[in-house]
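my questions are about this predicted structure, shown below with the sequence.
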Amino acid sequence: MTVVPPPLPYRVVETRAETADTRSVELVPAGRELPPFAPGQFAMIYAFGIGEVPISVSCLRGVHGGLVHTVRAVGPVSAALHRLRPGDTVGLGGPYGSGWDLEAAVGHDVLVIAGGIGLAPLRPAVHAVLDRPDAYGRVAVLVGARTPADLAFRDEIESWRGPARVDVTVDRHEPGWRGAVGVVTTLLDRLELRPGRSRALVCGPEAMMRHAARGLVARGLSPHRVQLSLERNMRCATGHCGHCQLGPLLLCRDGPVVGYDRVSHLLQVREL
């Protein structure tokens, strides 16, 4: 039987609204510190008196040196996290799950494809790659959102231009938007991919990830060179509740980051 250590108290030092329903929260230890997280891993955040929720780390070292989690308000726990203010305390457990295999990408071009809030789990990977420019080849970041108002981390995305190629698109045009319009997978047509020396990291709605992975494979990438973050339905973080089961995989334990070669056949089964 797996023994899960109790959460540790972490203090809120800063919160930031990313969109109308999405907020980033930076946390620092209020005592003992958790082991280091890797890009792509997630934590269990406990809102005292309400419940817990698994959330990927969106920055390994924030402005104040803490862990940053980016949360969309979709339920009572995430709504409680939205109400946090500096000085408040939460419980934090982790690190859990698998991260992005950035060592396998050393010496390769890196393509990051993010849909909506899926950019949050990818941010630490982008940071890590851009921090080691000599270790990787060409870097491209493709970002999609429903509308311009739903684009999170807009200032930071702009700061990536130069070190990386950055293309942004929205599903629906709004007045004042001068960028591309269309789903994020349409941006693949703009790229000159080198399939034999490229690695792709993909996170977003599941339908978008399926289409992106298929599009990459159709352009010559081997399935094992495409990594997806499948965070759907994760709840307990230890593989006991079964809510995140995908065929033989329990995504909180065997993922959330998995190679497309392991899940391509599973993602084709409706309602699995």
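On my side now, so go ahead.

when you work out contacts or count neighbours from here on, use the C-alpha atoms and nothing else.
OK.

can you tell me the strand partners of the lowest-mean-pLDDT helix or strand in the chain and which way each runs?
Scoring the helices and strands of the chain by mean pLDDT, DSSP states H and E places strand 249-250 at the bottom, with a mean of 76. Strand 249-250 sits in its sheet next to strand 245-246 (antiparallel), going by DSSP bridges.

how far off centre is the strand it pairs with?
19 Å (CA atoms, centre = their mean, to the nearest Å).

try stretch 257-268
Counting by CA atoms, centre = their mean, stretch 257-268 comes out at 17 Å from the chain centroid.

and stretch 84-99, which residues are buried?
84, 89-99 (16 or more other CA atoms under 10 Å).

same list, the residues you listed, but as CSV with secondary structure please.
Below are the buried residues of stretch 84-99 laid out as CSV (DSSP: H, G, I helix; E, B strand; the rest coil):
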residue, secondary structure
84, coil
89, strand
90, strand
91, strand
92, strand
93, strand
94, strand
95, strand
96, strand
97, coil
98, strand
99, coil
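
okay if I get the residues you listed as a markdown table plus pLDDT and distance to residue 195?
A markdown table is the format used below for these (pLDDT from 0 to 100; distance: CA to CA, whole Å):
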| residue | pLDDT | distance to residue 195 |
| --- | --- | --- |
| 84 | 96 | 44 |
| 89 | 98 | 46 |
| 90 | 98 | 44 |
| 91 | 97 | 43 |
| 92 | 97 | 39 |
| 93 | 96 | 38 |
| 94 | 94 | 35 |
| 95 | 96 | 32 |
| 96 | 95 | 31 |
| 97 | 94 | 28 |
| 98 | 94 | 24 |
| 99 | 96 | 22 |
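
ok, so of those residues, who is nearest residue 263?
Ranked by distance to residue 263 (CA to CA), those are led by residue 98 at 14.8 Å.

quick one: that closest one and residue 43 touch, right?
No - look at residue 98 against residue 43 with CA atoms under 8 Å: they stay out of range, at 11.5 Å.

partner residues bridging residue 256?
Bridge pairing for residue 256 - DSSP bridges - gives residue 98.

any idea how far residue 229 is from it?
Separation of residue 256 from residue 229 (CA to CA, to the nearest Å) stands at 5 Å.

just residue 38 next, same as before
Residue 38 is 14 Å from residue 229, by CA to CA.

mind checking how far the closest residue in space to residue 60 that isn't next to it in sequence is from residue 29?
Closest residue to residue 60 apart from its sequence neighbours, by CA to CA, 6 or more residues apart in numbering: residue 67 at 5.1 Å. Separation of residue 67 from residue 29 (CA to CA): 9 Å.

so between these two, which is more surrounded?
Set side by side, residue 67 and residue 29 show more neighbours around residue 67, with 22 against 18, by other CA atoms under 10 Å.

backbone dihedrals for that one, please?
Per-residue torsions, residue 67: phi -80, psi 140 (degrees, to the nearest 10).

re the thing from before, which one's more surrounded, residue 38 and residue 229?
It is residue 229, of residue 38 and residue 229, that has more neighbours when counted by other CA under 10 Å, with 28 against 21.

how is this structure divided into domains?
8-96, 109-263 (automatic domain parsing).

so what's residue 1 scoring on pLDDT?
On pLDDT, residue 1 comes in at 46.

list the residues that contact both of residue 256 and residue 229?
The contact sets of residue 256 and residue 229 overlap at residue 40 (CA atoms under 8 Å, 6 or more residues apart in numbering).
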